[in-house]
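# here are the coordinates; sequence isn't available:
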Ligand code: GLY
């Protein structure tokens with residue numbers, strides 16, 4: 001008689017925890033189905049037009065011209081296709097972006113464009129096998145792109161110039177936090193040139209390290225939150241000031257910017273194994289995790305005075321979740337457990353009815369914010385949210401299969 005309530009409570013606890021357990025395979029299959037649906041809806045496909053976003057009241061992808069360096073998101077859809085195993089379409093979209101490596105750098109986004117397309121393609125062939133000539137071709141394009149990106153490096157400042165077109169507007173050499181992601185192209189290319197064990201340091205790795213160090217010194221506030229933009233004197237290299245661009249204001253905390261920092265410094269640690277980056281990225285991560293609401297999805301800006309009556313940013317959650325899974329592999333066990341739990345909590349909410357598009361639209365996720373101050377892509381499905389969501393799911397799947 002006395003044991004019965006205990007069994008009932010235990011059953012309830014188990015049932016609740018099972019219900020909350022994220023079924024990673026199921027979510028990966030969901031993404032693969034959505035991708036097939038996108039490819040069907042886009043047919044006959046014009047590979048020069050990249051699916052970019054779906055507005056909150058829309059049901060089909062809005063396409064952007066990928067044959068221009070101005071479309072910073074052109075690498076994400078090919079990246080999604082590589083990650084979902086749609087290799088034929090992935091290769092076609094990827095090939096269209098090769099021209100970017102061989103023209104003068106338009107801005108720092110060359111890294112985003114190449115990492116999603118050619119690097120994901122190279123990694124796919126490396127991991128799953130495929131045409132070796134294609135793999136070598138991708139490698140050559142990536143090496144050329146890394147050299148092109150490096151032309152934006154100003155050694156007096158120590159960073160890559162993010163927006164050459166905005167030097168006049170900002171009154172100097174501008175670097176934005178997003179730029180941290182583009183360093184992966186330099187690290188990867190350097191590793192290709194100096195040896196696979198990563199122990200060598202060539203010109204491109206020196207540039208990437210300089211950028212990471214200068215950004216660490218000047219881009220963050222004492223509480224480890226980011227400023228979106230840092231401006232430097234192009235001639236003397238002196239740091240001039242920091243300011244906002246895509247967040248609420250100069251003192252706020254733009255969530256995707258913090259997400260880029262978490263992802264970026266985790267990746268810098270991957271390529272350098274220098275503990276100063278590991279220590280630093282934990283501070284940048286912990287301050288953000290400490291601010292998250294109960295469902296673990298960041299508001300678009302964590303210091304928007306309208307919270308809780310403002311928009312969430314699913315893209316920031318997806319980027320952080322992906323980074324946390326990698327970061328959990330570098331830290332001591334208790335911290336690793338904490339980061340993995342946080343990543344799973346984010347992915348569980350993102351995988352819910354509230355965030356997944358399901359049969360409503362062909363993207364994976366709803367509720368991202370692109371650029372609030374510019375009034376663009378607010379509460380939308382955006383291709384980079386999907387890209388980092390599937391990347392995070394695949395990283396978690398790999399972790400669980402170890
Ligand atoms: N510029 C990249 C972003 O909006 O996050």
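Sure thing, it's come through. Worth saying up front: this structure is predicted, and the values here are computed from it rather than measured.

# Near the ligand, which residues of the stretch 151-300 of the chain? Just list them.
Residues of the stretch 151-300 of the chain lying near the ligand by CB under 6 Å from any ligand atom: 178, 246, 256. C-betas here are computed from N, CA, C, even on glycine.

# what's near enough to touch the closest residue to residue 188 other than its chain neighbours?
Nearest residue to residue 188, sequence neighbours excluded (CB to CB, 6 or more residues apart in numbering): residue 119, at 6.4 Å. Residue 119 makes contact with 138, 142, 184, 185, 188, according to CB atoms under 8 Å, 6 or more residues apart in numbering.

# what's the closest residue to residue 254 other than its chain neighbours sitting at in phi/psi?
Counting by CB to CB, 6+ apart, residue 254 lies nearest to residue 247, which is 2.9 Å off, once chain neighbours are set aside. Dihedral pair for residue 247: phi -90, psi -170, per degrees, to the nearest 10.

# Tell me how far the residue of the stretch 101-250 of the chain found nearest the ligand lies from residue 27.
Nearest residue of the stretch 101-250 of the chain to the ligand: residue 178, at 4.3 Å (CB to the nearest ligand atom). Computed as CB to CB, to the nearest Å, the residue 178 to residue 27 distance reads 26 Å.

# same question, residue 133
Residue 133 sits at a distance of 34 Å from residue 27 (criterion: CB to CB).

# Go ahead and confirm residue 348 touches residue 22.
Yes - look at residue 348 against residue 22 with CB atoms under 8 Å: they come within range, at 4.8 Å.

# Report the distance from stretch 118-133 to the chain centre.
Centre-to-centre, stretch 118-133 and its host chain are 20 Å apart (CA atoms, centre = their mean, to the nearest Å).

# Can you give me the buried ones in it?
Using 16 or more other CB atoms under 10 Å as the test for burial, stretch 118-133 gives 118, 119, 120, 121, 122, 123, 124, 125.

# Find the helix or strand that the third one is a member of.
What that stands for is residue 120. helix 120-128 (DSSP states H and E).

# Can you name the next helix or strand after that helix?
As assigned by DSSP H and E, the chain's next helix or strand after helix 120-128 is helix 132-150.

# now the following helix or strand past that following helix: how far from the chain's centre is it?
Going down the chain from helix 132-150, the next helix or strand is strand 153-154, by DSSP H and E. Computed by CA atoms, centre = their mean, the chain-centroid distance of strand 153-154 equals 23 Å.

# Pairing partners for strand 153-154, with directions?
Strands adjacent to strand 153-154 in the sheet, as given by DSSP bridges, are strand 159-160 (antiparallel).

# Other residues contacting the partner strand?
By CB under 8 Å, 6+ apart, the residues outside strand 159-160 that reach it are 108, 149-150, 152-154, 173, 175, 179, 182, 207, 210-211, 214-215, 230, 232.

# Which other helices and strands does the helix holding residue 120 contact?
helix 76-83, helix 87-95, helix 132-150 (3 or more CB pairs under 8 Å, 6 or more residues apart in numbering; DSSP states H and E).

# shaky segments in this structure?
Residue ranges of the chain with pLDDT under 70: 1-20, 196-199.

# one step back: which of the residues of the stretch 151-300 of the chain next to the ligand fall within helices?
Mapping those onto helices (DSSP state H) picks out residue 256.

# which of the residues of the stretch 151-300 of the chain next to the ligand lies closest to residue 318?
Of all those, residue 256 has the smallest distance to residue 318: 10.0 Å, by CB to CB.

# Spit out the contact partners of the spatially most central residue of the chain.
With distances taken as CA atoms, centre = their mean, the residue of the chain nearest its centroid is residue 319 (4.6 Å). With contacts defined as CB under 8 Å, 6+ apart, residue 319 is in contact with 256, 259, 260, 262, 263, 384, 388.

# now the host helix or strand of the last one against helix 76-83, angle please.
The secondary structure element spanning residue 388 is helix 383-401 (assigned by DSSP H and E). Regarding helix 383-401 and helix 76-83, their directions subtend 20 degrees when assessed with axes from the mean of the first three to the mean of the last three CA atoms, to 10 degrees.

# Which secondary structure elements does helix 383-401 sit against?
helix 24-42, strand 49-54, helix 76-83, helix 314-327, helix 333-350.

# I'd like those as JSON lines, with distance to residue 365 appended.
Formatted as JSON lines, the helices and strands packed on helix 383-401 follow (distance: least, CB to CB, whole Å):
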{"stretch": "helix 24-42", "distance to residue 365": "10"}
{"stretch": "strand 49-54", "distance to residue 365": "10"}
{"stretch": "helix 76-83", "distance to residue 365": "11"}
{"stretch": "helix 314-327", "distance to residue 365": "5"}
{"stretch": "helix 333-350", "distance to residue 365": "6"}
